[in-house]
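In: sharing a sequence plus its predicted fold:
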Amino acid sequence: MKKYKVGIVGATGMVGKNFANLLKDHPFFDLTVVAASSKSASKTYREALDIKFGKTEKIPERFHNLLVLDAQKDVKKISSLVDFVFCAIDMEKYKLKKLEEAYAKSECPVISNNSANRWTSDVPMIIPEINSDHSRVIHSQRKRIKTKRGFIAVKPNCSLQCYVPTLHPLLNFKITKVLVCTYQSISGAGKVFNSWPEMIDNVIPYIPDEEEKTEKEPLKIWGKIKNGKIINSKNPSITSQCIRIPVSFGHTSAVFVSFKNKPSLNEILERWKFFKGEAQNLDLPSAPKQFIKYFDDPYRPQINDVRKTEQSMAILTGRLREDKQYDYKFICMSHNTVRGAAGGGILMAELLSKQGFFD
Ligand SMILES: NC(=O)c1ccc[n+]([C@@H]2O[C@H](COP(=O)([O-])OP(=O)(O)OC[C@H]3O[C@@H](n4cnc5c(N)ncnc54)[C@H](OP(=O)(O)O)[C@@H]3O)[C@@H](O)[C@H]2O)c1
């Protein structure tokens with residue numbers, strides 16, 4: 001199989017450096033370009049990371065001497081050097097929207113971790129196990145932006161990546177309402193404890209914009225394509241609270257759910273155990289073999305399990321039981337910078353490459 005040349009735009013960030021690590025020996029993708037802000041541009045990748053994170057930050061040695069390009073000024077150059085880019089940049093939304101469009105219009109597909117284009121109706125927001133067919137909308141997007149190869153595809157927010165996968169196999173029991181409380185790690189804000197000492201031994205009850213993303217993005221993922229656009233699903237009704245907790249990596253959700261046709265507890269466990277999506281059917285390199293893993297021990301899953309299971313790409317659940325207000329409640333977890341960011345982005349790119357979108 002042809003290997004595609006790829007770039008990371010935002011390579012010096014929390015998510016960007018994770019992309020570099022996950023791309024070390026990738027069978028489909030060859031990392032040849034890294035880009036970041038003008039502060040990091042013209043330095044080697046190793047120098048830029050040393051300045052930002054200290055010398056302890058590990059990335060594969062063969063990427064150390066890549067020269068960091070300027071993500072904004074070098075759009076044309078980067079687009080000419082690679083087959084597509086992964087984009088994970090922290091920037092104002094309207095500027096980021098323009099920047100991603102500039103890459104796409106330069107015929108360079110963008111696999112984005114950012115939220116700027118998530119609400120564009122012909123931009124697919126993909127979890128490969130759930131809505132792999134949404135990539136079809138790329139054909140309409142290309143017509144709109146007048147490109148042959150260029151397009152933008154996005155990955156949803158990290159907060160919902162544990163509870164949407166656990167609800168998805170239960171959709172045909174007709175979910176009526178969901179209440180979810182997310183407990184999110186500090187790397188979700190691009191931070192480590194050294195740069196955010198306020199988070200040590202602390203909880204912060206507010207994450208800007210997070211509840212809106214947590215409640216609305218699932219409805220696009222569960223939407224249908226009509227006339228070249230994704231029409232969001234109208235249900236289920238979702239309400240959430242998103243809380244920052246003092247954990248370095250891994251997000252947890254406490255979920256309450258009700259159904260029109262209430263399944264038995266065993267039916268839910270069976271659905272989770274046997275669920276496979278397109279990522280597993282195509283045997284994509286980053287796909288977990290067991291997408292949803294249930295733990296019987298009431299003390300698990302724990303965040304440490306998330307870091308150890310299936311290269312941090314699986315969704316872990318536990319404590320499924322009946323509830324007196326909702327039908328059921330349970331706990332689920334996923335790794336925010338792997339499944340919820342770089343790993344999820346790479347899995348989406350593997351899917352799109354198999355579907356022929358980078359040719
Ligand atoms: N962290 C997560 O768990 C997570 C999960 C899902 C999605 N995301 C999303 O992924 C994106 C990146 O998040 P992060 O946590 O990796 O952020 P981060 O650690 O703050 O990194 C931001 C990156 O953006 C670059 N950048 C900042 N301003 C720029 C500018 N004006 N021009 C060009 N590049 C610029 C930075 O380059 P310099 O180093 O040169 O400043 C750095 O490479 C965000 O949109 C975030 O919402 C994050």
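Out: Yep, that arrived. Residues are numbered from 1 along each chain as shown.
In: mind checking the backbone torsions on Tyr299?
Out: Dihedral pair for Tyr299: phi -80, psi 0, per degrees, to the nearest 10.
In: name the residue of the stretch 251-359 of the chain that lies nearest to the ligand.
Out: Ala341 (3.6 Å; CB to the nearest ligand atom). No exception for glycine: its C-beta is placed from N, CA and C like everyone else's.
In: distance check, that residue against Leu219.
Out: Distance from Ala341 to Leu219, counting by CB to CB, to the nearest Å: 21 Å.
In: who has more neighbours out of these two?
Out: Ala341 (27 against 17; other CB atoms under 10 Å).
In: that one is in contact with Val15, isn't it?
Out: Yes. Ala341 is within contact range of Val15, at 4.4 Å (criterion: CB atoms under 8 Å).
In: identify the contacts common to the two.
Out: Both Ala341 and Val15 are contacted by Ala88, Asn113, under the criterion CB atoms under 8 Å, 6 or more residues apart in numbering.
In: how's the chain carved up into domains?
Out: Using automatic domain parsing, the domain parsing of the chain gives 4-157+341-354, 159-334.
In: where in the stretch 151-300 of the chain is pLDDT low?
Out: In the prediction, the stretch 151-300 of the chain carries no residues with pLDDT under 70.
In: count of neighbours near the residue of it found nearest the ligand?
Out: The minimum distance from the stretch 151-300 of the chain to the ligand, using CB to the nearest ligand atom, falls at Gly190 (2.9 Å). By the measure other CB under 10 Å, the count of residues near Gly190 is 16.
In: repeat for the one 4 residues further on
Out: Here the number of neighbours of Asn194 (other CB under 10 Å) works out to 9.
In: go on, Pro197?
Out: 9.
In: same thing with the one 3 residues further on?
Out: Applying other CB under 10 Å, we find 10 residues neighbouring Ile200.
In: can you pull the contacts of it?
Out: Shown in contact with Ile200 (CB under 8 Å, 6+ apart): Phe193, Pro246.
In: and for Tyr328?
Out: Phe256, Val257, Leu265, Ile268, Leu320, Arg321, Glu322.
In: same thing but 10 Å
Out: Each residue near Tyr328 by CB atoms under 10 Å, 6 or more residues apart in numbering is listed here: 170, 255-259, 262-263, 265, 268, 320-322.
In: of the residues you listed, which belong to helices?
Out: Applying DSSP state H to these, the entries found in helices are Leu265, Ile268.
In: hang on, isn't Glu217 packed against Asn131?
Out: No. With contact defined as CB atoms under 10 Å, Glu217 does not reach Asn131; the gap is 11.4 Å.
In: so what sits against both of the two?
Out: By CB under 10 Å, 6+ apart, the residues touching both Glu217 and Asn131 are Met125, Pro156, Val164.
In: before we move on, the earlier item: and the residue of the stretch 251-359 of the chain closest to the ligand, what are its phi and psi?
Out: Per-residue torsions, Ala341: phi -150, psi -100 (degrees, to the nearest 10).
In: could you do the one 4 residues further on as well?
Out: Backbone torsions for Gly345, taken as degrees, to the nearest 10, come to phi -70, psi -40.
In: Ile126 too?
Out: Taking degrees, to the nearest 10 as the convention, Ile126 sits at phi -110, psi 130.
In: quick one: it from the ligand, how far?
Out: When distance is defined by CB to the nearest ligand atom, to the nearest Å, Ile126 is 14 Å away from the ligand.
In: coming back round to it: what's around the residue nearest to the residue of the stretch 151-300 of the chain closest to the ligand when sequence neighbours are not counted, how many residues?
Out: Closest residue to Gly190 apart from its sequence neighbours, by CB to CB, 6 or more residues apart in numbering: Met14 at 4.4 Å. Residues lying near Met14 (other CB under 10 Å) number 23.
In: who's in contact with Met14?
Out: With contact taken as CB under 10 Å, 6+ apart, Met14 is in contact with 52-53, 88, 90, 186-192, 249, 336-337, 341-342.
In: that one and the ligand: what is the separation?
Out: Separation of Met14 from the ligand (CB to the nearest ligand atom): 4 Å.
In: would stretch 200-220 count as contacting the ligand?
Out: No. If you take CB under 6 Å from any ligand atom as the test, stretch 200-220 misses the ligand, and the best it gets is 9.5 Å.
In: tell me the contacts of the closest residue to the ligand within the stretch 1-150 of the chain?
Out: In the stretch 1-150 of the chain, the residue that lies nearest the ligand is Gly13 (2.1 Å; CB to the nearest ligand atom). Residues in contact with Gly13, defined by CB under 10 Å, 6+ apart, are Phe19, Ala36, Ser37, Ser40, Lys52, Ala88, Ile89, Asp90, Asn113, Gly190, Thr337, Ala341.
In: surely the first one is within a helix?
Out: Looking back up the chat, that one is Phe19. Yes. Per DSSP: H, G, I helix; E, B strand; the rest coil, Phe19 lies within a helix segment.
In: now do the phi/psi pair for the nearest residue to it once chain neighbours are set aside.
Out: Distances taken as CB to CB, 6+ apart put Ala342 closest to Phe19, at 4.3 Å, once the chain neighbours are dropped. Phi and psi for Ala342, reported as degrees, to the nearest 10, are phi -60, psi -50.
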